[in-house]
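>>> just the structure for this:
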Amino acid sequence: MANLFLMKRSLLLCVCWLFLSSLYSQTKFIPDTTYIKQIGQAFNLQMKGQFKDAALAYDSVFTVSGGRAKPLDLYSAAFAWIGAGIDRAFDHLEKAVYEYGFDDVEKLQREGELFGLNKDSRWNKLLLTAKKIKNNGKQSLIKV
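Purely as a prediction, here's the structure:
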């Protein structure tokens, strides 16, 4: 009887663990070593001024990771696209803010590269959303 109780308890704990781990994995992206290495390579290209190569490298990493990314990596990719002179920056900035809840309003406002983007019709909505996220203290995924 005691063995049956322990088996049921163990089974219940396993089911709870699987449920919680699947729930956690849906809301938090934990990059693997390949992702980290490739993001580092993209960042190095960006620091060398090879913006288009860096931007394409970032996009490749995001594709391989199934569209999942760290918000700051999306932010860096946006700057790579700005440096390349291609209007893909908003794709990454919008994903960082709207999907991943990036709320560093000060960083958005003070980065010199972004000032050229403030003339774009999407800029005000992006900044307003980041401010709302920051004011609400939300760190969950935001869909707008």
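>>> what about this protein, any weak spots by pLDDT?
1-27, 112-115, 138-144 (pLDDT under 70).
>>> ok, which stretches of it are helices?
Assigned by DSSP state H, the chain shows helices spanning 2-27, 33-47, 51-64, 71-84, 89-94, 105-110, 123-136.
>>> of all these, which one is nearest G116?
Smallest distance to G116 across these (Cβ to Cβ): 7.3 Å, for helix 71-84. C-beta: built from backbone N, CA, C; applies to glycine.
>>> tell me how far A54 lies from I86.
Plainly put, A54 is 12 Å away from I86 if you go by Cβ to Cβ, to the nearest Å.
>>> between these two, which is the more surrounded one?
Neighbours per residue, other Cβ atoms under 10 Å: of A54 and I86, the larger number sits with A54, 25 against 13.
>>> how much space separates that one from F79?
Where F79 is concerned, A54 sits at a distance of 9 Å (Cβ to Cβ).
>>> so what sits against both of these two?
Both A54 and F79 are in contact with Q46, where contact means Cβ atoms under 8 Å, 6 or more residues apart in numbering.
>>> which residues does L74 contact?
So L74 contacts 62, 92-93, 95-96, 100, 102 (Cβ under 8 Å, 6+ apart).
>>> can you list the buried residues in stretch 90-100?
For stretch 90-100, the neighbour count (16 or more other Cβ atoms under 10 Å) marks 90, 92-100 as buried.
>>> overlap in contacts of A54 and I86?
Counting by Cβ under 8 Å, 6+ apart, nothing touches both A54 and I86.
>>> ok, the buried residues of stretch 90-100 vs K70, which is closest?
Y100 (7.9 Å).
>>> so what's that closest one closest to, chain neighbours aside?
Sequence neighbours aside, P71 is the residue nearest to Y100 in space, at 4.2 Å (criterion: Cβ to Cβ, 6 or more residues apart in numbering).
>>> and the gap between the one you found and Q50?
From P71 to Q50 the distance is 23 Å (Cβ to Cβ).
>>> what does A80 give?
9 Å.
>>> burial of G101, as a residue count?
18.
>>> touching, it and F29? I think so.
No - contact criterion Cβ atoms under 8 Å: G101 and F29 do not qualify, at 11.9 Å.
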